[in-house]
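# Build the 3D model from these lines:
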Amino acid sequence: FWAKADAAKNIAVEFEQAFGTGGSPSANVTGIGSQKIALTTGWKRYTVTVSIPSITGKTIGTNNNDRLGVMLWMDAGSTFNARSATLGQQSGTFEFWGLQLEQGATATDFERMSPEEDLRQQQRYLYARTSTSASECLGHGGWATSGTIGNVGVVLPVTMRGTPTVSYTGNWGLSDGVTYVAATGITVLAGQSQPSHVVLQVTVAAGLATFRPHRLETAAVGATFAFTAELG
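Numbering: from 1, shown residues only. Purely as a prediction, here's the structure:
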């Protein structure tokens, strides 16, 4: 990272392993690699290399909120001496730019991605939509093979890290251009879906016109749909 202060001052860097909540998770591990960094009044690049402890034998919580945290301490009382490398209390103005976390023993130059590339990288993990109008279409080209089940294809904007799962809120359903039928469930059809495109199996109570093209669309503004490809 790059940093400076309004006068010669120290900051401290600390890593923390937090094992989340839910169930009986292990206690947080704090003070990992705690060390002080001496800042000046001019911009300077700083590199911190830390060995992260293994989590073998640790218990992860069930709420999917475990994390590896990085703390930048600018002020700390004596209670936090072990975590802040005895930084102590101070005040002032601190500025940071170009923070980058990476695995390995060598710190590379700060990677400045365009907004478009940054979005593409994020969409490898999550692609989400929120409807801005009624009858907004998410996928099409599907066929109803019965009065209660229709399959709809969705081409994803990027190739995700794996075949995604789906979640949604609000009203979604199938329309053949004439009749709209509300969905009671939507799942990814296994065996026909890939990281680049998925086939959604849409279930309704009844009323689909069989062997006619259908599309997945909303019934109101504010309905959300998310494709998630977070891998453990």
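
# surely residue 223 meets residue 173?
No - using C-beta atoms under 8 Å, residue 223 is not in contact with residue 173, being 10.0 Å away. The C-beta positions use only the backbone N, C-alpha and C, and glycine is treated the same way.

# Any chance of the backbone angles for the closest residue to residue 92 other than its chain neighbours?
Nearest non-adjacent residue to residue 92, counting by C-beta to C-beta, 6 or more residues apart in numbering: residue 6, 5.0 Å away. In terms of degrees, to the nearest 10, the main-chain angles of residue 6 are phi -80, psi -10.

# Output the below-cut-off pLDDT ranges for the protein.
Within the chain, the ranges that satisfy pLDDT under 70 run 232.

# Now for the closest residue to residue 40 other than its chain neighbours: which residues touch it?
Excluding its sequence neighbours, the residue lying closest to residue 40 (C-beta to C-beta, 6+ apart) is residue 8, at 5.8 Å. Contacts for residue 8 (C-beta atoms under 8 Å, 6 or more residues apart in numbering) come out as 38, 39, 40, 41.

# Distance from the longest helix seen in the chain to the middle of the chain?
Determined from DSSP state H, the single longest helix within the chain is helix 115-123. Mean-position distance between helix 115-123 and its chain equals 12 Å (C-alpha atoms, centre = their mean, to the nearest Å).

# circling back to that earlier point, pull the number of nearby residues for the residue nearest to residue 92.
By other C-beta atoms under 10 Å, the residues close to residue 6 number 12.

# is it true that it touches residue 41?
Yes - counting by C-beta under 8 Å, residue 6 does reach residue 41; the two are 6.8 Å apart.
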